[in-house]
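*Asks:* below are the sequence and a predicted model; questions follow.
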There are 2 protein chains.
Amino acid sequence: MTDLAAVLRANGMRLTPQRRRVVDALARLGHATPDAVAAEVGGDGGAALPASTIYRALEALEELGLVAHTHLDHRAPTFHLAGHADHIHLVCLGCRAVDEVPVALAGEFVAGLTAARGFRADVTHMAVHGWCASCGGPR
Amino acid sequence: MTDLAAVLRANGMRLTPQRRRVVDALARLGHATPDAVAAEVGGDGGAALPASTIYRALEALEELGLVAHTHLDHRAPTFHLAGHADHIHLVCLGCRAVDEVPVALAGEFVAGLTAARGFRADVTHMAVHGWCASCGGPR
DNA sequence: TTGAATGCAAAAAATTTGCATATTG
DNA sequence: CAATATGCAAATTTTTTGCATTCAA
């Protein structure tokens, strides 16, 4: 909480009520598109925020690593709080279902990337596409 | 080649010169956004194709598993031929650089997903975000 | 006080859709 | 021939930008 303000301030940024509302919305939703965030923010009785504010807030928060995003589907990016990111998304190309698995499953993979390229993967941003148990695969 | 036509026909679809040009463009580019495909298709001296045709061609080809896409950056999806997908993309959140590593690195990870959920991951569609060796990471 | 953020409105992008017409198989 | 695709133009959707004004620190 106050930590939020601290991180922002440490980077010459400010904790505005709008940004707080965006963070709260993400906390409630788990993960959501900018559009969904806008709807949630406006839904709590408060006045809706203009799209530009939502986008700029998400961008600012992401820059500091407080928020991250993945692409679960074709269009719209899906944002979530860094703290909420405790799972990897499995997106079925057949039925579009989204499943989640613990990040631990990718442990070796991540370690391998670091070893091979010095790349520190943020698996919490990851969406893996493929075919779920019920779907046939490309036909 | 003829295989392309065969797969399309087997699904009640047709191999039109436009679709062939889109496939050729992807083959030349490796991977590209719909916009880049349009530019490449138009660049070879041939007439440019309307955006809708490009989108519809990519959609049709993707449905059959002949083409796939990833999200290397925030916006635009990046398409590539199924055959070209022999690597995983590492996208640096710091400098936006895109590196590639062999899919083999994810072997165990993929196997784990299948074991845990019966999910057959198509790693060729995967983009892993994180921080490259030269970039500091979230600050 | 003072630079960072917001609101608004307008501009850009990026996709999608309707439909008459042209084409493939 | 008959059903699938294309071309075009218009409509959507999504995201970005400019700027005067407000507000957090």
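*Replies:* Good, I have the coordinates.
*Asks:* which secondary structure element is home to the residue of chain A found nearest DNA strand D?
*Replies:* As assessed by C-beta to the nearest atom of the strand, DNA strand D sits closest to residue A:52 within chain A, at 3.2 Å. Every residue, glycine included, has its C-beta placed from N, CA and C. Here residue A:52 is covered by helix A:51-63, with elements defined by DSSP states H and E.
*Asks:* packing partners for that helix?
*Replies:* helix A:17-29, helix A:34-43, strand A:67-70 (3 or more C-beta pairs under 8 Å, 6 or more residues apart in numbering or on different chains; DSSP states H and E).
*Asks:* so chain A: which segments form each domain?
*Replies:* Taking automatic domain parsing as the domain assignment, the ranges for chain A are A:4-68, A:86-130.
*Asks:* end to end, how far does the first one reach?
*Replies:* Between the opening and closing residues of domain A:4-68 lies a distance of 15 Å (C-alpha to C-alpha, to the nearest Å).
*Asks:* so for that domain, mean pLDDT?
*Replies:* Averaging pLDDT along domain A:4-68 yields 93.
*Asks:* neighbours of residue A:46, how many?
*Replies:* 12 (other C-beta atoms under 10 Å in any protein chain shown).
*Asks:* please read the previous query as pertaining to residue A:29.
*Replies:* By other C-beta under 10 Å, the residues close to residue A:29 number 18.
*Asks:* spit out the contact partners of it.
*Replies:* A:36, A:37, A:40 (C-beta atoms under 8 Å, 6 or more residues apart in numbering or on different chains).
*Asks:* circling back to that earlier point, reformat the helices and strands packed on helix A:51-63 as TSV; add distance to residue A:59.
*Replies:* Compiled in TSV, the helices and strands packed on helix A:51-63 are given as follows (distance: least, C-beta to C-beta, whole Å):
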stretch	distance to residue A:59
helix A:17-29	11
helix A:34-43	10
strand A:67-70	9
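*Asks:* let me know which of those is tucked in deepest.
*Replies:* With neighbours defined as mean count of other C-beta atoms under 10 Å in any protein chain shown, the helices and strands packed on helix A:51-63 peak in mean count at strand A:67-70, which reaches a mean of 22.
*Asks:* helices or strands next to that one in the packing?
*Replies:* The elements that strand A:67-70 packs onto, with contact taken as 3+ C-beta pairs under 8 Å, 6+ apart, are helix A:51-63, strand A:78-81.
*Asks:* kindly format the C-alpha coordinates of the first one as CSV.
*Replies:* This means helix A:51-63. Listed in CSV are the C-alpha atoms of helix A:51-63, where the atom choice follows Å, rounded to 0.1, in the frame of the first residue of the first chain:
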residue,chain,number,x,y,z
ALA,A,51,-9.4,5.7,-21.3
SER,A,52,-6.3,7.7,-21.6
THR,A,53,-5.8,7.8,-17.8
ILE,A,54,-6.3,4.1,-17.6
TYR,A,55,-3.7,3.5,-20.3
ARG,A,56,-1.3,5.9,-18.8
ALA,A,57,-1.7,4.4,-15.3
LEU,A,58,-1.1,0.9,-16.5
GLU,A,59,1.9,2.0,-18.5
ALA,A,60,3.4,3.8,-15.5
LEU,A,61,2.8,0.9,-13.2
GLU,A,62,4.2,-1.6,-15.6
GLU,A,63,7.3,0.5,-16.1
